[in-house]
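Peer 1: quick one, fold the following:
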Amino acid sequence: MDLKQKIEELVIPVIKEHNLHLVEIKIQGSFRNPAIEVFADSEKGITLGECETLTRLIRDELDMDGSFDNNYRLSVSSPGLDRPLQEDWDFQKNIGKTLKVKYSVDDINRQAEGTLVRWDAASIELESKSGTVVIPREQIVKAKIKLKW
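Peer 2: Numbering: from 1, shown residues only. Coordinates of the predicted model:
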């Protein structure tokens, strides 16, 4: 088992216990002195307090496991607004928000932008000034929230 798998094994139960989703684990540095970044989120978002709680609980799990000799750095945070949407809960969380979607039809890349009005396991539906676009999920290359400035 590699380091990332070991950390996931310890982190996932803690995150699930708090009704959150593990988005990603990044590891930098060496095995003896890793810098571990855990990104978690939920349908309602994640608060600073939840990040602090998860940091304490995950640190306890890592320390109790004994594989890391306390020579690690740990940070827990939200994944940020600019990460691609992938999971069902990502789309549920962002209903009503404007998305920018790159998708591919018959090896031709296309883009669509609009308000996410519906999603399911098979497709997403965007509403824009020019009408409604339904995009099959398997054709989505990247879907991101369009930030308003």
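
Peer 1: buried residues in stretch 72-80?
Peer 2: 72, 74, 76-78 (16 or more other C-beta atoms under 10 Å). Quick note: C-beta positions are derived from backbone N, CA and C, even for glycine.

Peer 1: quick one: the strands in the protein, in order.
Peer 2: Along the chain, the segments classed as strands by DSSP state E run 21-29, 34-41, 73-77, 98-105, 108-119, 123-128, 131-136, 140-145.

Peer 1: any low-confidence regions in the protein?
Peer 2: 1, 70, 149 (pLDDT under 70).

Peer 1: quick check, central residue of it?
Peer 2: The centre of the chain sits closest to residue 23, judged by C-alpha atoms, centre = their mean, with a distance of 3.5 Å.

Peer 1: quick one: contacts for it?
Peer 2: With contact taken as C-beta atoms under 8 Å, 6 or more residues apart in numbering, residue 23 is in contact with 39-41, 79, 83.

Peer 1: cool, residue 100 as well?
Peer 2: 111-113, 143-146.
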